[in-house]
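Undergrad: compute the structure for the input listed below.
(one chain, ligands or ions: 2)
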Amino acid sequence: MVEMLKGIAASDGVAVAKAYLLVQPDLTFSKTTVEDTAAEASRLDDALAKSTEELQQIREKAAQSLGEAEAQVFDAHLMVLSDPEMVGQIKQNINDNSVNAESALKEVTDMYISMFEAMQDNAYMQERAADIRDVAKRILAHLLGVTLPNPSMINEEVVVVAHDLTPSDTAQLDRNFVKAFVTDIGGRTSHSAIMARSLEIPAIVGTKEITAKVKEGDMLAVNGIEGDVIVHPTDEQKAEFEKIGAEYAAQKAEWEKLKHAETVTADGKHFELAANIGTPKDLVGVHNNGGEAVGLYRTEFLYMDSPDFPTEDDQYEAYKAVLEGMEGKPVVVRTMDIGGDKELPYLQLPHEMNPFLGYRALRISLSEQGDEMFRTQMRALLRASVHGNLRIMFPMVATLKEFRGAKAIFEDEKQKLLNEGVEVSDTIQVGIMIEIPAAAVLADKFAKEVDFFSVGTNDLIQYTMAADRMNERVSYLYQPYNPSILRLIKNVIDAAHAEGKWAGMCGEMAGDQTAVPLLVGMGLDEFSMSATSILKTRSLMKRLDTTKMAELADRALKECDTMEEVVELVNEYVK
Ligand code: PEP
Ligand code: MG
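TA: Ligands and ions are numbered 1, 2, ... in the order given. Okay, here's the model as predicted:
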């Protein structure tokens, strides 16, 4: 039966393909007594053999598509599977207690996991615990006769359907086969949505019920521009979606022509269009889309893609690659922003009620636990600074004291390197993200001490409206054009300009086609966005007149009471 679902349009594009369900199967079981313990041990052997074979295949595929370094994670899993001591203990448990293999497996692996997890400050042991948990799940699935989803093994064109996708799930999706993804939960600025845009995979998030409505192999038509999904589309609907897809492709081809053009408004004013990146590999997209700078390099992916803390040299190489790749154009590197929805298995973070309001980003960097990690990152950045035009940015700054603390560490590490005779650029700008309302309100004070601001609207909106950016139930409150948000942004831009500093924006709002006219009118200097939004923004800016946009912004700030009124006013000015 044809069924239509609506979600939040998270990444442009259209796709028609079969569903691939990326959902965790039910792994519950009961503990039972068995008579034939030998048969139970042989069930275990069978599950171990199947798990080994499966992991070897996944490892091979990961090495091909992601590289040898990423594939090594699976070597650790294979080692756990062949650990004679652990396997021996499970079998002994079956024998001694006449229990089923499932419960023997769980008892023994739980024991190992809690033993390793108890070694709080040993990152290696913490990782072993995570490996055992993963492997135990795989063996259990085979014992129960169910399959775990393996996104890296997808080898035909599909639409991935999931309750949610973590940034690491998203990173594993192969663009050649994954034509789109659709999730139950999430918002436009959740990190999986941001990654979908940079991978150019059409995506719809927050449908609330896609996993309940769709079965493996069901045909889906997905329109990521509008946020519409059709389950079992008719031939006519398929043709209609394909037509929308073709129109979108034609529009993209028009934008492509602006790849080497300057970003100028109708009255000849230049604005800088920069790109947000997560890894040096994303530079390809920056160049393909005519990015004039990197306005946000989210360095936490360097940490998340690595099985342990990346070394100073590893980081140096990554920063150098980006600085050199941009050939002297500005590169804003944000220091690590771990926490919230971005976790590190090897960094023991306390479990918190409100991780987005908790111990994250600069708060970790300035703590005793994060000091060494932060200093290592600073040294890598300072060493790389001679290879291009580096700007360093601190995330989640709430108070001037935090900024001063972070800046002092920057100065301290710089001095140490100079004393060691290491060359360091003396033109590195040091700025902050404005993503906490306290900093936006106090921007005049910050502006005296920082070199620049970059407004992080993804978080600024969630904190100002008290509406979780990942929660589709409150997504109606996620209002970039609400006059309250516009006032905060205007305050930040004016405060920067009063001190002769520049103000940019690296939240998703910078590439939002309704927001751009307002931001141009408010005098924002730099717009940093998913690389794939750059050309359409350049095309829009060509049509805008800055004097008229200043009038628009002024009227929106003075006359509008609601977001809806602002949208109406923008539509009046920009036809
Ligand atoms: C933001 O908060 O707007 C931002 C750019 O940072 P992130 O999306 O990584 O939190
Ligand atoms: Mg943020």
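
Undergrad: center of this protein, which residue is that?
TA: With distances taken as C-alpha atoms, centre = their mean, residue 191 lies nearest the centre of the chain, 3.0 Å away.

Undergrad: and the stretch 301-450 of the chain, which of its residues are near ligand 2?
TA: residue 435 (C-beta under 5 Å from the ion). For the C-beta atoms, the positions are set from N, CA and C on the backbone; glycine is no exception.

Undergrad: which residues of the stretch 301-450 of the chain lie near ligand 1?
TA: Residues of the stretch 301-450 of the chain lying near ligand 1 by C-beta under 6 Å from any ligand atom: 337, 435.

Undergrad: how about the contacts made by the residue of the stretch 301-450 of the chain found nearest ligand 2?
TA: Nearest to ligand 2, among the residues of the stretch 301-450 of the chain, is residue 435, at 4.7 Å (C-beta to the ion). Taking C-beta atoms under 8 Å, 6 or more residues apart in numbering, we find residue 435 in contact with 395-396, 455-460, 463, 507.

Undergrad: for the chain, what helix or strand is lowest in average pLDDT?
TA: Counting by mean pLDDT, DSSP states H and E, the chain has its least confident helix or strand at helix 167-172, which shows a mean of 69.

Undergrad: ranges for the helices of the stretch 1-150 of the chain?
TA: Taking DSSP state H, counting those that start in this stretch, the helices of the stretch 1-150 of the chain run over residues 37-65, 68-81, 84-97, 101-117, 123-144.

Undergrad: and stretch 547-563, what's its mean pLDDT?
TA: Per-region confidence: stretch 547-563 scores 98 on mean pLDDT.

Undergrad: swap in stretch 440-458?
TA: 98.

Undergrad: how far does that stretch sit from the chain's center?
TA: Averaging C-alpha positions (C-alpha atoms, centre = their mean, to the nearest Å) puts stretch 440-458 23 Å from its chain's average.

Undergrad: what's the answer for stretch 88-98, then?
TA: On the basis of C-alpha atoms, centre = their mean, stretch 88-98 sits 44 Å off its chain's mean C-alpha point.

Undergrad: any idea of the mean pLDDT for that stretch?
TA: pLDDT averaged over stretch 88-98 gives 94.

Undergrad: need the CA coordinates for it. PDB is fine.
TA: Output in PDB follows, covering the C-alpha atoms of stretch 88-98 (Å, rounded to 0.1, in the frame of the first residue of the first chain):
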ATOM      1  CA  GLY A  88      37.500 -21.800  27.300                       C
ATOM      2  CA  GLN A  89      35.800 -20.000  30.200                       C
ATOM      3  CA  ILE A  90      32.500 -19.800  28.300                       C
ATOM      4  CA  LYS A  91      32.600 -23.500  27.500                       C
ATOM      5  CA  GLN A  92      33.500 -24.300  31.100                       C
ATOM      6  CA  ASN A  93      30.600 -22.300  32.300                       C
ATOM      7  CA  ILE A  94      28.200 -24.300  30.000                       C
ATOM      8  CA  ASN A  95      29.700 -27.500  31.300                       C
ATOM      9  CA  ASP A  96      29.900 -26.700  35.000                       C
ATOM     10  CA  ASN A  97      26.500 -25.100  35.300                       C
ATOM     11  CA  SER A  98      24.500 -26.800  32.500                       C
END
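
Undergrad: contact partners of that stretch?
TA: In this structure, residues lying in contact with stretch 88-98 by C-beta under 8 Å, 6+ apart are 33-35, 37, 40-41, 44, 99-101, 104-105, 107-109.

Undergrad: swap in stretch 407-426?
TA: Residues from elsewhere that reach stretch 407-426 (C-beta under 8 Å, 6+ apart): 366, 371, 374-375, 378-379, 382-383, 385-386, 390, 392, 430, 449.

Undergrad: okay, those residues in CSV with neighbour count and distance to residue 208 next?
TA: As requested, the contacts of stretch 407-426 are exported to CSV (neighbours: other C-beta atoms under 10 Å; distance: C-beta to C-beta, whole Å):
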residue, neighbour count, distance to residue 208
366, 18, 38
371, 13, 42
374, 22, 39
375, 17, 44
378, 24, 43
379, 20, 46
382, 24, 47
383, 21, 48
385, 25, 47
386, 13, 51
390, 25, 43
392, 23, 40
430, 18, 43
449, 15, 45
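
Undergrad: what's the farthest-apart pair in the residues you listed?
TA: 366 and 386 (26.5 Å; C-beta to C-beta).

Undergrad: other residues contacting stretch 127-135?
TA: Taking C-beta under 8 Å, 6+ apart as the rule, stretch 127-135 contacts 51, 76-77, 80-81, 86, 109, 112-113, 116-117, 307-308, 345-346.

Undergrad: please repeat the previous calculation with a cut-off of 6 Å.
TA: Contacts to stretch 127-135, defined as C-beta atoms under 6 Å, 6 or more residues apart in numbering, come from residues 76-77, 80-81, 109, 112-113, 116-117, 345-346.

Undergrad: repeat that for stretch 187-199.
TA: Contact with stretch 187-199 is made by 8, 10-11, 165, 167, 170, 175, 203, 205, 282, 341, 458, 469-470, 475, 508, 530, 532, as judged by C-beta under 6 Å, 6+ apart.
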